[in-house]
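In: pasting the structure only:
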């Protein structure tokens, strides 16, 4: 199964994104990171870590579970409901510049759900989107502001991001079909 | 996932399903702390709360849970409605079903009423208390509250004290706590002890001091005057002397004991006000947790709609 990103390149991509965040936002004032469960959460923490290394400031970091906001939740055939996990945003998002973090950007539906969920927590000044991999095939008008890697894919393929914190190693794999 | 498409009783749930409901409820609890206490999950679903017995706490708790999940909800207190005009239970429910609800939350004075409807109706049925039989969401919220404080259920000594005979809360709690490996003690006067209580898998005693000794959890049950058609206790004052939970008795339990009561409380009958309002009491937490647990149950069962038989 072809590896399209190894641990080194992932680390460099995240560091580059941290620099881009500082450049575009002129520092970390009013910034807050919100990772989308599952793999957006460790990615958000790593970016927070990079920002601390580069800028010596702490950016508050939260975790968002979007299950209850999914647009396909009650449309599937009868079956077990997806697991709901805790949302933990231990700070007010009012007037903050929110950096939303996910591993893969695909149809855009997860991000749509996340935007709905975030708005229920308050009125942020802006929301920017960070993804490790953008694999294309959008079904909604959504675009990432920071991208670790643009990866052209076919619909038959699947992209798997593995992270040390969850999977024991860092890499991105492209499975099935021809690119 | 849940194996059944209804929630009729704890008897139908395995340990894994109970843990799944409690874990889901943990995620649901956070929603109550948000500025907008609502998620769009059950948008367009209709839930009918059908109460053939008076209830404030349970009905309100279900209503709040339904609204927080964005379901359309209506509550019908049938005691003041068609039943008094002679309609049968099944006819009442068939008429409500003709309006195409997705779920029916039901309380009834007769054991097994929700089970009957589950067989004969299309809707998902949630039992909110049937006679002296079961009250599954109460047992789940009790377990949730215990787990929040003790981080576990297995190996805990849990004393349930009071009117055991008429209590569906007792029956559901015993089954849940036994399934999860807790040590359950049931305590009450001999006249309010169900025949064969030992067969439930509990230690039965008529001494509250013995039941409470070194307990991790003391759960008080209400004296259900409305179900007592006979002289079960000489007087409420004597009952309080022999079975009331007083500060002196609480001292016999573990130092980190929690005191629970499903409500409504009879202060000065089964529980001293000083205990009910004291530092060990988690009675109001139980009420708050009830909403989260019912949200979890509604969410999990919503995936089973339309399965039918």
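Out: Cool, got the structure. Computed from a predicted model, the values in this text were never measured in an experiment.

In: Can you tell me the closest non-neighbouring residue to the closest residue to chain B within chain A?
Out: For chain A, the residue closest to chain B is residue A:80, as judged by Cβ to the nearest Cβ, at 3.2 Å. Bear in mind the C-beta positions are built from the backbone N, C-alpha and C, glycine included. Distances taken as Cβ to Cβ, 6 or more residues apart in numbering or on different chains place residue B:1 nearest to residue A:80, at 3.2 Å, with adjacent residues excluded.

In: got the contact list for that neighbour?
Out: Residue B:1 sits next to A:79-81, B:17, B:20, B:300, B:303 when contact means Cβ atoms under 8 Å, 6 or more residues apart in numbering or on different chains.

In: Mark which of the residues you listed are part of strands, please.
Out: Of those, none are assigned to strands by DSSP state E.

In: Narrow those to just the buried residues.
Out: Neighbour-count burial (16 or more other Cβ atoms under 10 Å in any protein chain shown) applied to the contacts of residue B:1 gives A:81, B:17, B:20, B:300, B:303.

In: I'd like to know how far the nearest residue to the first one once chain neighbours are set aside sits from residue A:127.
Out: Same thing as residue A:81. Distance criterion Cβ to Cβ, 6+ apart; nearest residue to residue A:81, sequence neighbours excluded, is residue B:303 at 3.8 Å. According to Cβ to Cβ, to the nearest Å, residue B:303 and residue A:127 sit 30 Å apart.

In: Likewise for residue B:5?
Out: Distance from residue B:5 to residue A:127, by Cβ to Cβ: 39 Å.

In: other SSEs contacting the host helix or strand of residue B:105?
Out: Per DSSP states H and E: residue B:105 is located in strand B:103-108. Strand B:103-108 sits against strand B:46-51, helix B:57-68, helix B:89-97, helix B:113-120, strand B:124-130, helix B:283-302, with contacts defined as 3 or more Cβ pairs under 8 Å, 6 or more residues apart in numbering or on different chains; DSSP states H and E.

In: before we move on, the earlier item: any chance of JSON lines for the contacts of residue B:1, columns distance to residue B:56?
Out: As requested, those are exported to JSON lines (distance: Cβ to Cβ, whole Å):
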{"residue": "A:79", "distance to residue B:56": "36"}
{"residue": "A:80", "distance to residue B:56": "33"}
{"residue": "A:81", "distance to residue B:56": "29"}
{"residue": "B:17", "distance to residue B:56": "29"}
{"residue": "B:20", "distance to residue B:56": "29"}
{"residue": "B:300", "distance to residue B:56": "25"}
{"residue": "B:303", "distance to residue B:56": "30"}
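
In: Quick one: mark the members of the residues you listed that sit in helices.
Out: B:17, B:20, B:300 (DSSP state H).

In: Out of those, which are close to chain A?
Out: residue B:300 (Cβ under 8 Å from any Cβ of the partner chain).

In: Check what pLDDT the residue positioned nearest the centre of chain A gets.
Out: For chain A, residue A:102 is the residue whose C-alpha lies nearest the centre (Cα atoms, centre = their mean; 1.2 Å). Predicted confidence (pLDDT) for residue A:102: 98.

In: can you pull the contacts of it?
Out: A:35-36, A:39-40, A:43, A:110-111, A:114, A:129-132.

In: now with 7 Å?
Out: A:36, A:40, A:110-111, A:131 (Cβ atoms under 7 Å, 6 or more residues apart in numbering or on different chains).

In: about what we covered before: so, if you compare the buried ones among the contacts of residue B:1, which one comes nearest to residue B:183?
Out: Nearest to residue B:183 among the buried ones among the contacts of residue B:1, counting by Cβ to Cβ, is residue B:17 at 21.8 Å.

In: Could you check how many residues crowd around the closest residue to chain A within the stretch 51-200 of chain B?
Out: Going by Cβ to the nearest Cβ, chain A is nearest to residue B:69 of the stretch 51-200 of chain B, at 7.8 Å. Neighbours of residue B:69 under the rule other Cβ atoms under 10 Å in any protein chain shown: 25.

In: Look up how far residue B:47 lies from it.
Out: Residue B:69 is 9 Å from residue B:47, by Cβ to Cβ.

In: before we move on, what about residue B:215?
Out: 37 Å.

In: Those two: which is more packed in?
Out: residue B:47 (26 against 23).

In: wait, what's in contact with the more buried one?
Out: Residue B:47 sits in contact with B:66, B:71, B:73, B:101-103, B:105, where contact means Cβ under 7 Å, 6+ apart.

In: the helices in chain A, which residues?
Out: A:7-25, A:40-55, A:109-119, A:164-167.

In: Serialize those helices to CSV and add fields for mean neighbour count, mean pLDDT and distance to chain B.
Out: CSV is the format used below for these (neighbours: other Cβ atoms under 10 Å in any protein chain shown; pLDDT from 0 to 100; distance: least, Cβ to the nearest Cβ, whole Å):
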stretch, mean neighbour count, mean pLDDT, distance to chain B
helix A:7-25, 16, 98, 25
helix A:40-55, 20, 98, 14
helix A:109-119, 20, 97, 7
helix A:164-167, 13, 97, 18
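
In: Which among the ones you listed is found nearest to residue A:144?
Out: helix A:109-119 (8.5 Å).

In: Of all the helices of chain A, which one comes closest to residue B:55?
Out: helix A:109-119 (32.7 Å).

In: Mind pulling up the pLDDT for residue A:37?
Out: 96.

In: Pull the number of nearby residues for the nearest residue to it once chain neighbours are set aside.
Out: Excluding the flanking residues, the one nearest residue A:37 by Cβ to Cβ, 6+ apart is residue A:65, at 4.6 Å. Using other Cβ under 10 Å, residue A:65 has 22 other residues around it.

In: need the contact list for residue A:65.
Out: A:37, A:84-87, B:27.

In: swap in residue A:134?
Out: Residue A:134 sits next to A:105, A:144, A:147, A:150-151 when contact means Cβ under 7 Å, 6+ apart.

In: Can you spell out which residues form a bridge with it?
Out: residue A:105, residue A:150 (DSSP bridges).

In: for residue B:205, phi and psi?
Out: phi -150, psi 150 (degrees, to the nearest 10).

In: and if you look at residue A:57?
Out: According to degrees, to the nearest 10, residue A:57 has phi -130, psi 150.

In: ok, and the closest non-adjacent residue to it?
Out: Residue A:57 sits nearest to residue A:28 (Cβ to Cβ, 6+ apart), 4.5 Å away.

In: Identify the residues contacting the residue in the stretch 151-300 of chain B that chain A sits nearest to.
Out: Going by Cβ to the nearest Cβ, chain A is nearest to residue B:300 of the stretch 151-300 of chain B, at 5.5 Å. Listed by Cβ under 7 Å, 6+ apart, the contact partners of residue B:300 are A:81, B:2, B:21, B:24.
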